[in-house]
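Visitor: my questions concern the predicted model and sequence given below.
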Amino acid sequence: MSKRKRFRELINAPGMVYAPGAYDALSARIIEAQGFDVVVAGGYAAVGVLLGQPDTGQSNVRDYADHYGRICAAVNVPVYVDGDTGFGGVNNVRQMVRAFEDAGVAGLFIGDQVFPNRCGYMEGKQLVPAEEMLSKLKAALDARRDPDLYIVARTDALAVEGLDRTIERAQLYKDIGVDMAKVIGADRLDDFGRILSEVPGPQMANMSNANPKGMPTPAEFEAAGAAMMTFPSAALFAAVGEVTRAMASLKRDSNLDAARPGFCALQDYYELVGLERQNAAEQDYLAAARAVIEKRRR
C-alpha cells in the first residue's frame, strides 16, 4: 500500500491518529522509531530550522519542497505537510502541488490567509476573500496527479471572523472538493463539536506549542470525534530545550557532564541513522562486484 493510501486509511479509521511534527529528517526518524504512524512537517518548524526565524511567511516553495523531500525520504510512514498559502496565485498553487507531490508527501494543506501568512496562533492575521481561496483550491485539485494525495483546506477565519463565518468558509471549501476543510484555532470542545456536526468530513485537532492558551486534552478531542491530533512543534521545542541546556552546561562548566544524562547513547544514534545497515549494504555491493570479476577470470 502506498503512503498516500495509508494516510487516507488512517484518517478514515476509527479512533484518533497521533501525528507529531518533525523539524528535519532526523527528527522524523525519531518519530517513526517511536511507533507513530504519521509524521507532520509544518512551516513553523521549517522556518525555524532553515532560517532561525519566526514563521511569518518568509520562505518559498522550493525551500519547502526540498525540506519535505528529505523528510519523506527518511521515513516509511506518510508525511503530511504545510502548503502555506500556496505561495502565490493559482499558477503558483499548481506548481506547489506538483513539487510537493514529487517530494513524496502524503497530504498537504493550503491556508486562506493573505501572503505573507503568519503562524495561526500569532496576532495580525488577515484572510483572502473566499472566492480567491476557492480558486486556489480548484487549482490544487486540478494539479494533483495522484488521486490519493490528500488535499486539505485550512481556514484561519475563527480568530478573524468568528465561528459562524468560519463554518460558512469551511463548508464552501468542502463544496469545491477538497478532502478536508480544517479549522485552525478551534480549541474549545463546544466549537470543535459544532464544526464536526456542520462541516462534512473528518476534522483534525492541533496541539501546538505556539498556542498560548490552554487546550482540552488529546483524549477529550478523541472523545469529541477528531480523526487526527497533530503536535506540529513538540519535537522542535524539545530539541531547542535540550540543546540550550547542553550548551549552557558547556559554557558554565567547561564540560558536558551536567547535560550528558540527556544525551542518546552512541549505539542508539547509529541504530537510528542506520549505520549497520549502510555498512552491510556496502559489503554486499563489494561482494557482488568481486563475484563479477571472479566469474570473468574463470
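Guide: Cool, got the structure. Everything numeric here is computed off the predicted structure, so don't read it as measured data. Numbering: from 1, shown residues only.
Visitor: so what's the nearest residue to residue 17 once chain neighbours are set aside bridging to?
Guide: Among residues not flanking residue 17 along the chain, residue 228 sits closest, at 4.4 Å (C-beta to C-beta, 6 or more residues apart in numbering). In this view, the C-beta of every residue, glycine as well, is placed from N, C-alpha and C. Judged by DSSP bridges, the bridge partners of residue 228 are residue 17, residue 204.
Visitor: how about the contacts made by residue 228?
Guide: Listed by C-beta atoms under 8 Å, 6 or more residues apart in numbering, the contact set of residue 228 reads 10-11, 16-19, 38, 202, 204-205.
Visitor: and it, how far from residue 117?
Guide: Here the criterion is C-beta to C-beta, to the nearest Å. By it, residue 228 lies 22 Å from residue 117.
Visitor: next: residue 166.
Guide: Residue 166 is 16 Å from residue 117, where distance means C-beta to C-beta.
Visitor: try residue 226
Guide: 24 Å.
Visitor: residue 98 now?
Guide: Distance from residue 98 to residue 117, counting by C-beta to C-beta: 21 Å.
Visitor: the two: which is more packed in?
Guide: The neighbour comparison of residue 98 against residue 117 (other C-beta atoms under 10 Å) goes to residue 117, with 24 against 14.
Visitor: doesn't residue 127 make contact with that one?
Guide: No - if you go by C-beta atoms under 8 Å, residue 117 and residue 127 don't touch, sitting 9.8 Å apart.
Visitor: which neighbours do these two share?
Guide: Listed as contacting both residue 117 and residue 127 by C-beta under 8 Å, 6+ apart are residue 156.
Visitor: ok, now which ones touch residue 151?
Guide: Residue 151 neighbours (C-beta under 8 Å, 6+ apart): 97, 107-110, 137, 140-141, 144, 178-179.
Visitor: next, the contact list for residue 273, please.
Guide: With contacts defined as C-beta under 8 Å, 6+ apart, residue 273 is in contact with 26, 29.
Visitor: got any ranges where the chain has weak pLDDT?
Guide: For the chain, applying pLDDT under 70 flags the ranges 118-122, 124, 210-212.
Visitor: quick one: residues in contact with the helix ranked longest in it.
Guide: Looking across the chain with DSSP state H, the single longest helix is helix 275-297. Applying C-beta under 8 Å, 6+ apart, the contact partners of helix 275-297 are residue 270.
Visitor: gap between that helix and the chain center?
Guide: In terms of C-alpha atoms, centre = their mean, to the nearest Å, the centre of helix 275-297 is found 38 Å from the chain centre.
Visitor: cool, stretch 162-175 as well?
Guide: Using C-alpha atoms, centre = their mean, the mean C-alpha position of stretch 162-175 is found 23 Å from that of the whole chain.
Visitor: dump the C-alpha coordinates for that stretch into CSV.
Guide: Provided in CSV are the C-alpha atoms of stretch 162-175 (Å, rounded to 0.1, in the frame of the first residue of the first chain):
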residue,chain,number,x,y,z
GLY,A,162,-15.9,34.3,14.3
LEU,A,163,-17.4,30.8,14.4
ASP,A,164,-20.4,31.3,12.1
ARG,A,165,-18.4,32.8,9.2
THR,A,166,-15.7,30.2,9.8
ILE,A,167,-18.2,27.3,9.3
GLU,A,168,-19.5,29.0,6.2
ARG,A,169,-16.0,29.2,4.7
ALA,A,170,-15.3,25.5,5.6
GLN,A,171,-18.5,24.4,4.0
LEU,A,172,-17.6,26.3,0.8
TYR,A,173,-14.1,24.7,0.8
LYS,A,174,-15.7,21.2,1.1
ASP,A,175,-18.1,22.1,-1.7
